[in-house]
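Visitor: next comes the sequence, and after it the predicted model I'd like to discuss.
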Protein chains: 2
Amino acid sequence: MRTAVVLLSGGLDSATCLAIAQHEGFAPHALVIDYGQRHRHELVAAAALAAHARVPSTLVALDLRAIGGSALTSSVAVPKHESVSEIGSSVPVTYVPARNLTFLSIAVGLCEALGASDIFLGVNAVDYSGYPDCRPAFIESFASTAKLATKAGVEGRPFRIHTPLIALSKAQIILRGVAMGIDYARTHSCYDPVRRDGASEQREVLACGRCDSCLLRAKGFADAGVMDPTRYV
Amino acid sequence: MRTAVVLLSGGLDSATCLAIAQHEGFAPHALVIDYGQRHRHELVAAAALAAHARVPSTLVALDLRAIGGSALTSSVAVPKHESVSEIGSSVPVTYVPARNLTFLSIAVGLCEALGASDIFLGVNAVDYSGYPDCRPAFIESFASTAKLATKAGVEGRPFRIHTPLIALSKAQIILRGVAMGIDYARTHSCYDPVRRDGASEQREVLACGRCDSCLLRAKGFADAGVMDPTRYV
């Protein structure tokens, strides 16, 4: 079985991507990046998803708070809306400068260290919230650059960047995942979760329900006709 | 004055690059990356160089030890030689998987956060020690990819990657730097330095003199006819 590095954030898309990589016969190796994101609960979800799928994982710490420039890594407030229709078409303040470029670069490095050539990334150009680094043109260009950047590329082993979700709607992604048996209650998408304290075993992290990520996720479940397992505030 | 992000490792090449950026009229902003390198003394040198040049700096921590695959980030020994002629032509074990790809990606992110469009990188294709990510073809491809990856690129503000050293020999780099008044005693190039303990004010970090980086540096000073200020073991 060929090893594939799967970028696993702990969200719905990357969890589906992990299952697809397994389904396609790869031996996934999860790459989880702690980039100082304010929604740190996704790291807990990512670790749990990797453990449940019985795949090895590598956690890489990259402190993007030193750079800032995003509501996800600084004190800028995460925008809230009442419905998906209120989400603008411009790049939102939750855009993290050069995030997918940097994450894919780290994935390429991990591939080289593991002797792997395949990377799975759960980007999605349909319900994509306006991020430039989720578009097919970027992914194709990145693969060419990675070939030139690396020992593996120079030696004739280029990288294949798999983006199985890129042309799917959120509803289609969910239907695909449900068909593979994913329990989406294990995933976390909210950019601004609330921790409800209680006795330690009852402590829970609740989704805000009003950030772009929550709204797109909720609409995806509604459109798919699948019960939304997310626990909201 | 236009801001330029300068990748500053603390070595001879990046110190020269910083001076060139200033000389060309940019307001440099140093980007120093703590990637878990075993030669951590270069971080001290980088901070001192930025302070001496009176430029702001951002330190980003990225733990590439989690990935390994290089003598610079794992327990693999740094190769030692007696002279430059013994350095092979293949990619050496000191190659860090996808390092310049990742570092440039982080630099692009910092540029976006600062509203800058210029990046200086001290790569050098002549005395380049066999690293694929020091070649012009990679740099050009990266600039195209970065344009597609980012909000700035989408909005029509592409990035210019300046590599003023790329066609220079080490001796030419040194002569250029000396002409600009650089004190290369402030720089650190050795991959495997030795710390000589003593009273705290006398503690010093000495270069091994036999790793690829030391040998190329020493040959550069010899070829340039400039006294080598490096303190060797």
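Guide: Okay, I see it.
Visitor: can you list the low-confidence ranges for chain A?
Guide: The model of chain A has pLDDT under 70 over residues A:127-130, A:198-203.
Visitor: all strands of it, in order?
Guide: In chain A, the segments counted as strands under DSSP state E are A:3-7, A:27-34, A:57-61, A:118-120, A:160-162, A:194-196, A:204-206.
Visitor: quick check: longest helix of chain A.
Guide: Ranked by residue count under DSSP state H, the longest helix found in chain A is helix A:99-114.
Visitor: can you name the residues that contact A:T230?
Guide: Taking Cβ atoms under 8 Å, 6 or more residues apart in numbering or on different chains, we find A:T230 in contact with A:184-185, A:189-190, A:207, A:209, A:214, A:217-218, A:221. (Each C-beta comes from the backbone N, C-alpha and C, glycine too.)
Visitor: using PDB, write out every CA atom in the longest helix of chain A.
Guide: The C-alpha coordinates for helix A:99-114 follow below in PDB (Å, rounded to 0.1, in the frame of the first residue of the first chain):
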ATOM      1  CA  ARG A  99      -2.100  29.000   4.700                       C
ATOM      2  CA  ASN A 100      -2.600  26.300   2.200                       C
ATOM      3  CA  LEU A 101       0.600  27.300   0.400                       C
ATOM      4  CA  THR A 102       2.500  26.800   3.700                       C
ATOM      5  CA  PHE A 103       0.600  23.700   4.700                       C
ATOM      6  CA  LEU A 104       1.200  22.000   1.400                       C
ATOM      7  CA  SER A 105       4.800  22.900   1.600                       C
ATOM      8  CA  ILE A 106       5.100  21.200   5.000                       C
ATOM      9  CA  ALA A 107       3.200  18.200   3.500                       C
ATOM     10  CA  VAL A 108       5.800  18.000   0.700                       C
ATOM     11  CA  GLY A 109       8.500  17.900   3.300                       C
ATOM     12  CA  LEU A 110       6.800  15.200   5.200                       C
ATOM     13  CA  CYS A 111       6.300  13.200   2.000                       C
ATOM     14  CA  GLU A 112      10.000  13.400   1.300                       C
ATOM     15  CA  ALA A 113      10.900  12.300   4.800                       C
ATOM     16  CA  LEU A 114       8.400   9.300   4.500                       C
END
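Visitor: now for it, which elements pack on it?
Guide: Counting contacts by 3 or more Cβ pairs under 8 Å, 6 or more residues apart in numbering or on different chains; DSSP states H and E, helix A:99-114 packs against strand A:3-7, strand A:27-34, strand A:57-61, strand A:118-120, helix A:136-149, helix A:151-154, helix B:99-114, helix B:136-149.
Visitor: in CSV, list the ones you listed along with distance to A:V96.
Guide: CSV is the format used below for those (distance: least, Cβ to Cβ, whole Å):
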stretch, distance to A:V96
strand A:3-7, 14
strand A:27-34, 11
strand A:57-61, 15
strand A:118-120, 19
helix A:136-149, 14
helix A:151-154, 26
helix B:99-114, 8
helix B:136-149, 11
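Visitor: mind checking which of these is nearest B:Q172?
Guide: The closest of the helices and strands packed on helix A:99-114 to B:Q172 is helix B:136-149. By Cβ to Cβ, the value is 16.4 Å.
Visitor: the closest one to helix B:99-114, inter-axis angle?
Guide: With axes from the mean of the first three to the mean of the last three Cα atoms, to 10 degrees defining the directions, helix B:136-149 sits at 40 degrees from helix B:99-114.
Visitor: which other residues reach helix B:136-149?
Guide: Helix B:136-149 is contacted from outside by A:98, A:100-101, A:132-133, A:135, A:137-138, A:141-142, A:144-145, A:148-149, B:100-101, B:104-105, B:108, B:121, B:123, B:125, B:132, B:153-154, B:158-161, B:163, B:166, using Cβ under 8 Å, 6+ apart.
Visitor: list the buried residues in that helix.
Guide: B:138-139, B:141-149 (16 or more other Cβ atoms under 10 Å in any protein chain shown).
Visitor: my understanding was that A:T94 contacts A:A77; is that so?
Guide: No: using Cβ atoms under 8 Å, A:T94 makes no contact with A:A77, being 10.2 Å away.
Visitor: which neighbours do the two have in common?
Guide: Common neighbours of A:T94 and A:A77 (criterion: Cβ under 8 Å, 6+ apart): A:A71.
Visitor: more neighbours, the two?
Guide: More crowded of A:T94 and A:A77, by other Cβ atoms under 10 Å in any protein chain shown: A:T94, with 22 against 9.
Visitor: what is the orientation angle of the longest helix of chain A with strand A:27-34?
Guide: 130 degrees.
Visitor: could you give the angle of helix A:99-114 to strand A:3-7?
Guide: Using the same axes, to 10 degrees: helix A:99-114 against strand A:3-7 is 150 degrees.
Visitor: one step back: now, which of the buried residues of helix B:136-149 sits nearest B:T58?
Guide: Using Cβ to Cβ, the buried residues of helix B:136-149 come closest to B:T58 at B:A146, 17.9 Å.
Visitor: okay, the closest one and B:N100: tell me how far apart.
Guide: 13 Å (Cβ to Cβ, to the nearest Å).
Visitor: about what we covered before: now do the longest helix of chain A: distance to the chain's middle.
Guide: 14 Å (Cα atoms, centre = their mean, to the nearest Å).
Visitor: I am finished for the moment; much appreciated.
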